[in-house]
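*Asks:* Build the 3D model from these lines:
(chains A and B)
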2 protein chains.
Amino acid sequence: MTAVHTAPGWDTQRLAAWSGPHLSSVEAALSAWVGVDAPVKLGDAMRYAVLDGGKRLRPLLVLAASEAVGGVAAAALRAACATELIHAYSLVHDDLPCMDNDVLRRGKPTVHVQFGEADALLAGDALQALAFELLTPDDGSVEPTVQATLCRLLARAAGSQGMAGGQAIDLASVGLALTEAQLREMHRLKTGALLQGSVDMGAACSQQVAPQALAALSAYGAALGLAFQVVDDILDVTADSQTLGKTAGKDAAADKPTYVSLLGLDGAREQATQLLGEALAALERSGLPDTNALRALAHMVVDRDR
Amino acid sequence: MTAVHTAPGWDTQRLAAWSGPHLSSVEAALSAWVGVDAPVKLGDAMRYAVLDGGKRLRPLLVLAASEAVGGVAAAALRAACATELIHAYSLVHDDLPCMDNDVLRRGKPTVHVQFGEADALLAGDALQALAFELLTPDDGSVEPTVQATLCRLLARAAGSQGMAGGQAIDLASVGLALTEAQLREMHRLKTGALLQGSVDMGAACSQQVAPQALAALSAYGAALGLAFQVVDDILDVTADSQTLGKTAGKDAAADKPTYVSLLGLDGAREQATQLLGEALAALERSGLPDTNALRALAHMVVDRDR
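*Replies:* Purely as a prediction, here's the structure:
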């Protein structure tokens, strides 16, 4: 998509300047924490699934939300990595033959193609466990109350009333004619829950956030989460596999209901723009002094081309 | 196996009298908590995987350990259910065609036979997330510090340096000649980590346990965890599928190294007896006033016939 929204705050360069050091920290932390001391092949599969790939959108949302509320950096870095592990595990399992049976991800063979189905399954399982392990260090760096809240938010975002639930609805919806409300509900869970959860987790890295700000940030996360999926649906139609780093056109091929199949390409683009507006309005409502990074990330989500 | 150990504490009847109400509480809690409000088919698969089946050994270990240290009952019940969810999810994933490809579990068709592979995969994933959700209620019933500790213990027990890691080693060991030390390490992770973790989690339901008692309980859990697997290996050879409620003889059929293949049947039985002794000795060391339930559970693990 071409950028149709003027960002009154940061431009792309300013976002890149903010993201750069954060992305480096996240990569370094993931590299230090993922698959280390695991049995060899399992550890390799876990690292293959997580390192050197991905936009790291969820970690950036965690870190931006945490900064917006003055959260504890050590907690935010762990939460950032934890959300990425949940995302990565979901991709590994999603790509398995019994699910989407996909062979290409982030421009590389998928985990089960590289390591076999059994180790891919176990690597996904172990990544989910590791996410909760990262959130609960016993080195005094993160308050136990914050640890508990982060685990609660992540578990809810990942589980049957979050991401896994959305994937189950997705599975059951192939070939069905969904209403827009049903499609929205599916995506609210499948993709939205973890993106919103990432924002909520970032906000939970401070224990002194006004309830109104927490609610506004969560609303921002919800709108952004849905916008992300709408744009995903658009890119599945408009982009090629090489740009996406994954198989393009597979939703249509699988006869899956999407925003594009329901609203058409223009309708889906309008929807994305409207959701961006909702996300930005929520940030205004939050009353937080500096939400520039969150604003810029919302623009990035809607304007991205992969 | 026939009972060769005199239990100086509780007999089988006394254990049953203790277990009964606890098992009822666990079943009621699982029924109230698992798969409720999940998308229909996913929720059904989750409940099918968890309810009406299993010995509930892990929950009983949590509850017995918690009682031994005077733990908070609300925390212990949640921890008990959480360990069972991790166990149940591991069975669902283990049974998948890409792993053990098993069709019978607890006398019923396995989850993927009943619901399809994709929903079985998702149900397992959602059960793991639910375990951590159960540990982190926001109703004030469990101290945040306890929540964080329980999540930490469970994540470690389930992950790449626990259960999932052990399964990966198991996968990689098919057809190999393992030493006893390697076999022990595999089982310490694959089965032992979650059993030991269950004891540790029970102990963590109180915040006032002497370090020496914590260490002793953990050693009890480690010995019991290994004993459990040794007995499993024995039963795989000596019991029939109907008694086991799962396919007997499958380890030998799959050319998997076991305690029986390594030590012979008598050697494996000796090993089980020795581990029982270690577990009971650890309880003596703990200095805790009432470890009758834990003692009886150790006897039960070694003397069971399924």
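
*Asks:* any idea where the strands of chain A begin and end?
*Replies:* A:104-105, A:108-109 (DSSP state E).

*Asks:* So which of those strands is the most surrounded?
*Replies:* strand A:104-105 (a mean of 20; mean count of other C-beta atoms under 10 Å in any protein chain shown). Quick note: C-beta positions are derived from backbone N, CA and C, even for glycine.

*Asks:* elements contacting that one?
*Replies:* Where contact means 3 or more C-beta pairs under 8 Å, 6 or more residues apart in numbering or on different chains; DSSP states H and E, strand A:104-105 is not packed against any helix or strand.

*Asks:* any idea of the mean pLDDT for it?
*Replies:* Confidence over strand A:104-105 (mean pLDDT, whole number) is 90.

*Asks:* can you check stretch A:134-142 too?
*Replies:* 97.

*Asks:* Sort out which residues of that stretch are buried, please.
*Replies:* In terms of neighbour count (16 or more other C-beta atoms under 10 Å in any protein chain shown), stretch A:134-142 has its buried residues at A:134-136, A:142.

*Asks:* when you scan that stretch, is anything in it near chain B?
*Replies:* Yes: using C-beta under 8 Å from any C-beta of the partner chain, stretch A:134-142 reaches chain B at A:135-138.

*Asks:* thinking again about what came up before, show me the buried residues of stretch A:134-142 that map onto helices.
*Replies:* residue A:134 (DSSP state H).

*Asks:* which of the buried residues of stretch A:134-142 lies closest to chain B?
*Replies:* residue A:136 (3.7 Å; C-beta to the nearest C-beta).

*Asks:* ok, the nearest residue in space to the closest one that is not next to it in sequence - contacts?
*Replies:* Excluding the flanking residues, the one nearest residue A:136 by C-beta to C-beta, 6 or more residues apart in numbering or on different chains is residue B:152, at 3.7 Å. Shown in contact with residue B:152 (C-beta atoms under 8 Å, 6 or more residues apart in numbering or on different chains): A:132-133, A:136-138, A:147.

*Asks:* Residue A:225 reaches residue A:200, doesn't it?
*Replies:* No: Residue A:225 lies out of contact with residue A:200 (C-beta atoms under 8 Å); the separation is 10.8 Å.

*Asks:* okay but residue A:213 is in contact with residue A:287, surely?
*Replies:* Yes: contact status for residue A:213 versus residue A:287: in contact at 5.8 Å, counting by C-beta under 8 Å.

*Asks:* what's the neighbour count on the closest residue to residue A:119 other than its chain neighbours?
*Replies:* Ranked by C-beta to C-beta, 6+ apart and with sequence neighbours excluded, the top spatial neighbour of residue A:119 is residue A:45, at 4.9 Å. Residues within reach of residue A:45, counting by other C-beta atoms under 10 Å in any protein chain shown, total 29.

*Asks:* Report the contact partners of residue A:45.
*Replies:* A:35, A:111, A:114-115, A:119-120, A:122-123.

*Asks:* Contacts only, for residue A:178.
*Replies:* A:186, A:257, A:262.

*Asks:* at 7 Å instead, please
*Replies:* By C-beta atoms under 7 Å, 6 or more residues apart in numbering or on different chains, residue A:178 lies in contact with residue A:257.

*Asks:* Ok, the one 5 residues further on next?
*Replies:* Counting by C-beta under 7 Å, 6+ apart, residue A:183 touches A:257, A:259, A:262.

*Asks:* By neighbours, which of those wins?
*Replies:* Neighbour max across the contacts of residue A:183 (other C-beta under 10 Å) = residue A:259, 27 neighbours.

*Asks:* Based on its surroundings, how many neighbours for the residue of the stretch 201-306 of chain A found nearest chain B?
*Replies:* Closest to chain B within the stretch 201-306 of chain A is residue A:207: 10.6 Å, counting by C-beta to the nearest C-beta. The number of residues packed around residue A:207, counting by other C-beta under 10 Å, is 13.

*Asks:* and it, what does it touch?
*Replies:* Counted by C-beta under 7 Å, 6+ apart, residue A:207 has contacts A:145-146.

*Asks:* Check the spacing between it and residue A:274 real quick.
*Replies:* 34 Å (C-beta to C-beta, to the nearest Å).

*Asks:* same question, residue A:268
*Replies:* Taking C-beta to C-beta, one finds residue A:268 at 11 Å from residue A:274.

*Asks:* Pick out whichever of these two has more residues nearby.
*Replies:* Neighbours per residue (other C-beta under 10 Å) separate residue A:268 from residue A:274, with residue A:268 holding more: 21 against 14.

*Asks:* surely that one meets residue A:229?
*Replies:* No: counting by C-beta atoms under 7 Å, residue A:268 stays clear of residue A:229, with 10.1 Å between them.

*Asks:* Now do the residue nearest to residue A:113 when sequence neighbours are not counted against residue A:147, distance only.
*Replies:* With C-beta to C-beta, 6+ apart as the criterion, residue A:113 has its nearest non-adjacent residue at 5.3 Å, and that residue is residue A:103. Remark: distance between residue A:103 and residue A:147 (C-beta to C-beta) = 38 Å.

*Asks:* Which one's more surrounded, those two?
*Replies:* More neighbours surround residue A:147 than the other of residue A:103 and residue A:147, with 28 against 15 (other C-beta under 10 Å).

*Asks:* which intervals of chain A have sub-threshold pLDDT?
*Replies:* Along chain A, segments meeting pLDDT under 70 span A:1-8, A:241-254.

*Asks:* Count the residues that sit near the nearest residue to residue A:53 once chain neighbours are set aside.
*Replies:* Once flanking residues are discounted, residue A:53 sits nearest to residue A:106: 3.8 Å by C-beta to C-beta, 6+ apart. Using other C-beta under 10 Å, residue A:106 has 16 neighbouring residues.

*Asks:* What parts of the stretch 101-250 of chain A come near chain B?
*Replies:* A:117-119, A:121-122, A:125-126, A:128-130, A:132-133, A:136, A:138, A:144-145, A:147-148, A:151-152, A:155-156, A:158-161, A:164-165, A:167-169, A:171-172 (C-beta under 7 Å from any C-beta of the partner chain).

*Asks:* Weed out the non-buried ones from the residues you listed.
*Replies:* A:117-119, A:121-122, A:125-126, A:128-130, A:132-133, A:136, A:144, A:147-148, A:151-152, A:155-156, A:158-161, A:164-165, A:167-169, A:171-172.

*Asks:* Which ones among those map onto helices?
*Replies:* Short answer: these in helices (DSSP H) are A:117-119, A:121-122, A:125-126, A:128-130, A:132-133, A:144, A:147-148, A:151-152, A:155-156, A:158, A:164-165, A:167-169, A:171-172.

*Asks:* quick revisit: let me know the closest of the contacts of residue A:45 to residue B:237.
*Replies:* residue A:122 (26.1 Å; C-beta to C-beta).

*Asks:* ok, the closest one - contacts?
*Replies:* Counted by C-beta under 7 Å, 6+ apart, residue A:122 has contacts A:42, B:164, B:167-168.

*Asks:* Distance to residue A:177 for these - can I get that in TSV?
*Replies:* Shown next, in TSV, are these (distance: C-beta to C-beta, whole Å):
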residue	distance to residue A:177
A:42	42
B:164	39
B:167	41
B:168	42
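
*Asks:* which one of those residues sits closest to residue B:92?
*Replies:* Nearest member of these to residue B:92, counting by C-beta to C-beta, is residue B:167, at 12.7 Å.

*Asks:* How much space separates that closest one from residue B:193?
*Replies:* 11 Å.

*Asks:* now do residue A:106
*Replies:* 31 Å.

*Asks:* Next: residue A:274.
*Replies:* 49 Å.

*Asks:* and what of residue A:194?
*Replies:* As judged by C-beta to C-beta, residue A:194 and residue B:193 stand 27 Å apart.

*Asks:* ok, now which ones touch residue A:129?
*Replies:* B:155, B:158-159, B:164.

*Asks:* buried stuff in stretch A:29-49?
*Replies:* A:29-30, A:33-35, A:38-39, A:41-49.

*Asks:* How far does that stretch sit from its chain's centre?
*Replies:* 20 Å (C-alpha atoms, centre = their mean, to the nearest Å).
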